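1. A predicted structure for the sequence below; I have some questions about it.
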Amino acid sequence: MPESPSEIEVGKKAPDFTLEDQHGEKFTLSDYKDRTRVLLSFHPLAGTEVCAKQMQALENSKRKFQEYNAVPVGISVDPVPSKKLWAEKLGLEELRILSDFWPHGEVSKKYGLFMEEKGFSKRANILIDEDQNIVFSKVYPIGEVPDVREIISELKERR
């Protein structure tokens, strides 16, 4: 396997991937090519308060994402059954949260976000346009909830 990039570069092609969501349904990034923008919202682990707030903010902003032709997804290394229970507990009805469980952290590694020493990804938002190019990327402190308004503003500017 090629070495992981050390940072996410705006302007580069987004690495394609397929992961299962909390319902066991496959999500393939390239399925959205030429159709819509995708927000990859990486979070370290399901079950933590900061990660919960991050995912709930995406769920609560679903109309705004639709308005700007974007699909948000959450991604962490938790297995599908854990994602399912967590989504139910948080009341996530539309947001898909993807399992990067096995091979462990493979997608996080492709995006240069996996922290080997901790076994999970950094907290980050990666916005991908219809051509599958990375147009926005930001890594956040582990204890900080990303401001969803920042992403909405970015989408609005790129309308």
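-> Nice, thanks for sending it over.
2. tell me the contacts of Lys138?
-> Ala124, Asn125, Pro146, Glu150 (Cβ atoms under 8 Å, 6 or more residues apart in numbering). Heads up, the C-betas are built off the backbone N, CA and C, glycines and all.
3. Backbone dihedrals for the residue nearest to Thr28 when sequence neighbours are not counted, please?
-> Nearest residue to Thr28 in three dimensions, chain neighbours excluded: Thr18, at 4.4 Å (Cβ to Cβ, 6 or more residues apart in numbering). Torsion angles at Thr18 (phi, psi; degrees, to the nearest 10) stand at phi -130, psi 130.
4. what's the answer for Asn60, then?
-> Per degrees, to the nearest 10, the backbone of Asn60 is at phi -70, psi -20.
5. rewinding a little: so the residue nearest to Thr28 is in contact with Lys26, correct?
-> Yes - between Thr18 and Lys26 a contact is recorded at 5.5 Å, counting by Cβ atoms under 8 Å.
6. What are the buried residues along the helix or strand hosting Ser82?
-> Element membership for Ser82 (DSSP states H and E) is helix 80-90. For helix 80-90, the neighbour count (16 or more other Cβ atoms under 10 Å) marks Val80, Ser82, Lys83, Lys84, Trp86, Ala87, Leu90 as buried.
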